[in-house]
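Participant: this is the structure alone, sequence omitted:
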């Protein structure tokens with residue numbers, strides 16, 4: 001029995017199977033014979049070179065696959081970082097909107113509401129200026145004491161290019177509406193489903209840079225802010241004139 005085992009022809013497959021099933025044997029063997037590792041690596045390199053020499057049509061795709069894997073991993077990482085940045089920006093925007101809403105709710109009349117918009121909104125949203133304006137065809141009692149600025153309808157239409165929502169660089173007409181020059185503007189009409197004079201009012205936000213407001217900027221939060229201002233304005237006007 002022992003003689004049969006000793007005389008059996010051991011193949012390379014047998015050796016590979018044994019080493020695969022007994023990883024500790026590899027460690028023990030390399031520990032006892034460290035020169036074997038160098039011999040194995042040299043043999044593998046020679047085998048690779050021989051294969052290339054034998055068949056020039058065989059292309060080694062491993063470097064290209066590895067490079068593509070690294071490139072894909074880099075793109076995935078960039079996408080991940082971009083998503084984190086967008087999520088952080090959205091969270092900041094919602095937090096600012098929440099603070100603005102609380103400030104509006106804290107106002108007790110039209111005058112304090114306009115003060116919130118002109119003084120607190122720029123701090124909350126990190127803007128150059130904010131103001132609420134109204135077209136001259138609207139009628140509000142004692143408007144001179146409220147801080148709500150009246151401007152000719154044609155001027156407002158020219159400043160906003162006739163749009164309910166304008167985002168971009170201010171034109172000459174827009175600059176005349178501002179308290180001070182701004183690098184970019186958002187002009188948002190308050191919801192037209194609300195009664196006059198609310199629907200004739202516009203919220204103006206002045207940006208500190210040319211990129212603060214641009215046509216490709218998402219408008220959902222700005223529209224929601226205008227809705228909050230519109231509802232608050234309607235409530236404050238009702239307090240000013242309960243018969244309306």
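Facilitator: Everything's here; your move. Everything numeric here is computed off the predicted structure, so don't read it as measured data.
Participant: could you list the residues in contact with stretch 183-193?
Facilitator: Here stretch 183-193 makes contact (C-beta atoms under 8 Å, 6 or more residues apart in numbering) with 128, 159-160, 163-170, 174, 178, 198-199, 201-214, 222-223, 225-227, 229-230, 233. Any C-beta I mention is one placed from the backbone N, CA and C, and that applies to glycine too.
Participant: now stretch 207-224
Facilitator: Outside stretch 207-224, the residues that touch it by C-beta under 8 Å, 6+ apart are 93-94, 97, 126-128, 165, 167-169, 182-186, 188, 205.
Participant: now, those residues that are in strands?
Facilitator: If you go by DSSP state E, the contacts of stretch 207-224 have 165, 167, 168, 184, 185, 186, 188, 205 in strands.
Participant: just name the shakiest helix or strand of this structure by mean pLDDT.
Facilitator: In the chain, no helix or strand scores lower on mean pLDDT, DSSP states H and E than helix 2-7, which sits at a mean of 53.
Participant: which parts of the chain are helices?
Facilitator: Using DSSP state H, the helices of the chain run over 2-7, 12-21, 23-32, 35-54, 62-106, 110-115, 121-125, 153-159, 172-175, 220-240.
Participant: according to the record, where do the domains of this protein fall?
Facilitator: What automatic domain parsing lists as the domains of the chain is 16-48, 70-240.
Participant: average pLDDT across the first one?
Facilitator: When the per-residue pLDDT values of domain 16-48 are averaged, the result is 69.
Participant: likewise for the longest one?
Facilitator: When pLDDT is averaged over domain 70-240, the result is 85.
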